[in-house]
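>>> Mind looking at a prediction? Sequence and model below.
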Amino acid sequence: MTPQPLKLVPPDEQCWNRIGIRGDRTCPELLKVTHCNNCPVFAVAGRRFLDAPSPDGYLAEWTARLALRDEVREGDESSVLVFRLGDEWLALPVAVLVEVTRPRPVHRIPHRGGLLAGVTNIRGELHLCVRMDLVLGAAPDGDPDLRRFVVIRRESETWVFAADAVDQVHRVLLPDLTSAAPTLSRAQVKLTRGVFPHANRSVGMLDDARLFQTLRERLR
């Protein structure tokens with residue numbers, strides 16, 4: 001994409017980079033405005049930048065990029081939540097995502113174990129908590145600071161599982177999914193629709209229908 005440089009603001013006038021919040025913070029105005037974003041000098045520079053004419057080819061490039069978006073057929077794009085189990089990065093459609101929350105106490109159910117970790121209270125409701133690492137054959141991570149509970153629901157079924165880390169929501173073009181990576185376990189390959197690149201890593205796109213069916217068959 002064509003860059004939009006800050007040529008209209010000479011370096012010696014970019015005080016926010018020298019004595020402001022991005023510099024040594026010696027600007028006396030910081031005592032009044034707290035942050036350069038609140039300073040009139042920064043606002044004037046920003047207005048000069050926004051009012052400047054676009055570089056050659058900038059508008060044409062964005063017109064072409066936006067036109068390509070119209071060519072994406074309905075159903076070919078999906079928003080997914082990217083998360084990590086052990087060393088593997090995986091994703092689930094946000095259509096089945098209820099919420100991501102900090103870990104809560106999990107109470108074991110007598111005479112039940114294995115894939116079922118127990119029950120946990122999410123906003124006053126008890127939900128079954130599953131060992132997704134065992135379901136997908138992933139080695140758990142021992143860092144509790146990054147761990148999050150992910151609550152998923154499909155139709156009337158709700159499950160909670162612990163993810164070793166949660167990244168972000170990402171948009172995926174389904175036709176661009178490639179074959180499952182060789183690093184995925186057999187269980188992951190069975191429950192994965194394909195793989196897509198994200199942040200310099202391969203992410204396995206889980207098939208939520210197959211995943212819920214597997215949980216239902218193995219835990220109910």
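Great, that's in hand.
>>> Count the neighbours of Trp159 for me.
For Trp159, the count of nearby residues is 22 (other C-beta atoms under 10 Å). C-beta here means a position set from N, CA and C on the backbone, and glycine is covered the same way.
>>> thought it was touching Leu215?
Yes. Taking C-beta atoms under 8 Å as the definition, Trp159 is a contact partner of Leu215 at 5.9 Å.
>>> Now for those two: what residues contact both?
Here Trp159 and Leu215 share the contacting residues Val130, scored by C-beta atoms under 8 Å, 6 or more residues apart in numbering.
>>> Give the rounded mean pLDDT of stretch 192-207.
Mean pLDDT, stretch 192-207: 90.
>>> start to end distance for that stretch?
Stretch 192-207 has an end-to-end distance of 5 Å (criterion: C-alpha to C-alpha, to the nearest Å).
>>> just stretch 95-103 next, same as before
Rule used - C-alpha to C-alpha; the end-to-end distance of stretch 95-103 is 22 Å.
>>> contact partners of it?
78, 81, 122, 144, 147-154, 158, 162-163, 166, 208, 212.
>>> What strand or helix carries the most centrally placed residue in the chain?
Centroid-nearest residue in the chain: Gln168, 1.1 Å away (criterion: C-alpha atoms, centre = their mean). Assigned by DSSP states H and E, Gln168 belongs to strand 165-173.
>>> Would you mind listing the buried residues in that strand?
166-167, 170, 172 (16 or more other C-beta atoms under 10 Å).
>>> Surely the residue nearest to the centre of the chain and Val82 touch.
Yes. Counting by C-beta under 8 Å, Val82 is a contact partner of Gln168 at 6.1 Å.
>>> Domains in the protein, by residue range?
11-70, 77-219 (automatic domain parsing).
>>> Quick one: mean pLDDT for the shortest one?
If I follow you right, that is domain 11-70. Rounded mean pLDDT across domain 11-70 is 80.
>>> Next up, phi/psi of Phe161, please.
Backbone geometry at Phe161, expressed as degrees, to the nearest 10, gives phi -140, psi 160.
>>> could you list every residue that touches the residue lying closest to it once chain neighbours are set aside?
Leaving aside its chain neighbours, Phe161 sits nearest to Met132 (3.7 Å; criterion: C-beta to C-beta, 6 or more residues apart in numbering). Neighbouring residues of Met132 by C-beta under 8 Å, 6+ apart: 85, 138, 161-163.
>>> Save the residues you listed as a markdown table, and put in pLDDT too.
A markdown table is the format used below for the contacts of Met132 (pLDDT from 0 to 100):
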| residue | pLDDT |
| --- | --- |
| Leu85 | 90 |
| Ala138 | 81 |
| Phe161 | 96 |
| Ala162 | 94 |
| Ala163 | 94 |
